[in-house]
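Peer 1: Predicted model and sequence follow; I will ask about them next.
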Amino acid sequence: MTVSHSIIRRALKSGNPVIHGDRAIFIWEGDSAPHLTSDFNNWDNRPRRFKRVSPRLMPDSAQPIWSCTLTVPRDAYVEYAFHDPVSQENFPDPLNRKTTPNGFGGRNNYFYMPETMPSPFHLRRADVTPGRLTGHRVDTKWLREGYEREIYFYRPRVKGPVPLLVVYDGQDYLHRGKLAVIADNLIAEGRIQPLAMAFLPSGGRWRDVEYACSDGTLLWLDQTVLPLAQEKLNLVDVKKQPGAYGVLGASLGGTMAMYTGLRMPDVFGKVLSQAGAYSIESRNFAAVDLVRHGQARELEVWMDIGRLDFLLDDNRGMYALLQEKGYNVACREFTAGHNYTAWRDDVWRGLEFSFPR
């Protein structure tokens with residue numbers, strides 16, 4: 001697409017990108033231009049180059065002007081950054097004030113295409129009484145001897161016992177995923193049954209070990225987290241209602257959520273796996289073998305995955321296997337990448353599937 005004078009003016013005045021049909025157009029001023037890296041190239045595979053705009057389009061410009069155009073589905077949420085080819089580092093787009101944490105200590109820019117928008121459920125509402133959040137220091141036996149970790153419990157403002165949802169990477173779901181606010185709003189609108197939640201923080205640099213289908217994590221959950229949750233929260237009795245609890249995670253946390261349900265279906269009969277990882281370089285995780293052998297077919301499984309996510313084929317394969325083996329499974333695809341904003345915007349659908357009113 002040829003960039004016009006009006007598009008350049010719009011970008012310089014109102015910011016990047018300028019949306020024109022199914023095109024997202026980015027403008028840069030400077031003697032040389034960065035590259036564009038985004039969900040569309042998995043952040044490291046051939047970033048897009050900017051092209052110099054003819055000086056005749058902007059004869060009054062003090063610096064050369066460059067442009068870069070992406071063809072984007074009209075229902076997409078996209079995160080991106082500019083990439084310096086000299087320093088090999090990413091940096092924010094100075095013409096876009098919309099940024100979000102990237103999970104690695106930095107920030108990405110983002111934009112929504114015209115046929116999608118942020119989920120309204122993540123916004124705090126004045127007319128909704130929030131559930132109660134409490135922090136608890138717990139021993140990390142089975143994970144790391146001699147240490148403690150802080151977990152958070154969410155208790156809805158209702159009377160009577162409720163099911164529990166265990167959340168891996170709980171600090172991210174709580175702060176970046178706005179999960180407590182989402183639950184408040186869904187419960188208030190009667191879209192899901194009231195539930196309690198246990199937000200479990202990851203082990204930081206030990207996260208991969210703890211979430212790669214780890215029985216140590218299951219032992220910590222079974223012997224430390226659940227007894228405390230049953231003491232502090234008003235929970236339904238899973239001995240009387242087997243499988244009443246749910247477990248949620250994203251990325252490798254989604255893998256661990258699937259593994260938790262497969263190994264402890266008497267407790268966790270509801271699995272919500274957002275963009276889970278099920279194989280690494282042709283080696284399957286143990287969760288795949290358990291499904292292949294028909295373990296815990298009574299599970300209810302919700303999966304979602306972005307079409308721009310590098311784990312898309314992995315999730316399609318797992319979904320097909322679950323269907324083949326007779327599991328009650330639903331999988332939703334949407335146009336976004338591998339990030340917490342995408343998971344935040346879609347998780348309410350998984351909650352409605354797993355905890356219907």
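Peer 2: Nice, I can see it.
Peer 1: Secondary structure class of the spatially closest residue to R157 that is not a sequence neighbour, three-state.
Peer 2: Closest residue to R157 apart from its sequence neighbours, by Cβ to Cβ, 6 or more residues apart in numbering: T129 at 5.0 Å. (Glycine included, C-beta is placed from N, CA and C.) What DSSP: H, G, I helix; E, B strand; the rest coil gives for T129 is coil.
Peer 1: What is the burial count for T129?
Peer 2: 11 (other Cβ atoms under 10 Å).
Peer 1: Also R10?
Peer 2: Residues near R10, counting by other Cβ under 10 Å: 18.
Peer 1: where's it relative to T2, distance?
Peer 2: 15 Å (Cβ to Cβ, to the nearest Å).
Peer 1: Kindly report the same for N90.
Peer 2: 28 Å.
Peer 1: So for these two, which sits in the more crowded spot?
Peer 2: Higher neighbour count among N90 and T2: N90, with 20 against 9, using other Cβ under 10 Å.
Peer 1: The more buried one contacts Y80, doesn't it?
Peer 2: No - taking contacts as Cβ atoms under 8 Å, N90 lies outside contact range of Y80: 9.3 Å.
Peer 1: So for these two, which residues contact both of them?
Peer 2: T37 (Cβ atoms under 8 Å, 6 or more residues apart in numbering).
Peer 1: show me where the stretch 101-250 of the chain has strands.
Peer 2: 107-112, 132-139, 148-155, 164-168, 196-200, 245-250 (DSSP state E, counting those that start in this stretch).
Peer 1: Which of those has the highest mean neighbour count?
Peer 2: strand 245-250 (a mean of 28; mean count of other Cβ atoms under 10 Å).
Peer 1: got the angle for that strand vs strand 196-200?
Peer 2: If you take axes from the mean of the first three to the mean of the last three Cα atoms, to 10 degrees, strand 245-250 sits at 40 degrees to strand 196-200.
Peer 1: N108 contacts Y80, doesn't it?
Peer 2: Yes - judged on Cβ under 8 Å, N108 makes contact with Y80 at a distance of 6.5 Å.
Peer 1: Now for A250: which residues touch it?
Peer 2: Contacts of A250 (Cβ under 8 Å, 6+ apart): Y168, D169, D172, Y173, S273, Q274, A275, G276, Y340, W343.
Peer 1: Would you mind listing the residues in contact with the last one?
Peer 2: By Cβ under 8 Å, 6+ apart, the contact list for W343 reads G177, A250, Q274, A275, D304.
Peer 1: Try it again at 10 Å.
Peer 2: W343 sits next to 169, 172-173, 176-177, 179, 248-251, 253-254, 274-275, 304-306, 336, 350 when contact means Cβ atoms under 10 Å, 6 or more residues apart in numbering.
Peer 1: So, low pLDDT: which residues of this structure?
Peer 2: Scanning the chain with the threshold set as pLDDT under 70 gives 1.
Peer 1: now the residue nearest to R157: how far from V158?
Peer 2: Distance from T129 to V158, by Cβ to Cβ: 10 Å.
Peer 1: Please apply the same query to A81.
Peer 2: 43 Å.
Peer 1: between those two, who's got more neighbours?
Peer 2: A81 (24 against 14).
Peer 1: thought that one was touching F91?
Peer 2: Yes - at 6.6 Å, A81 and F91 qualify as touching, with contact defined as Cβ atoms under 10 Å.
Peer 1: Now for the two: what residues contact both?
Peer 2: With Cβ under 10 Å, 6+ apart, A81 and F91 have common neighbours P34, G106, R107, N109.
Peer 1: Now render the residues you listed as TSV, adding distance to W66.
Peer 2: Below are the shared contacts of A81 and F91 laid out as TSV (distance: Cβ to Cβ, whole Å):
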residue	distance to W66
P34	9
G106	23
R107	22
N109	17
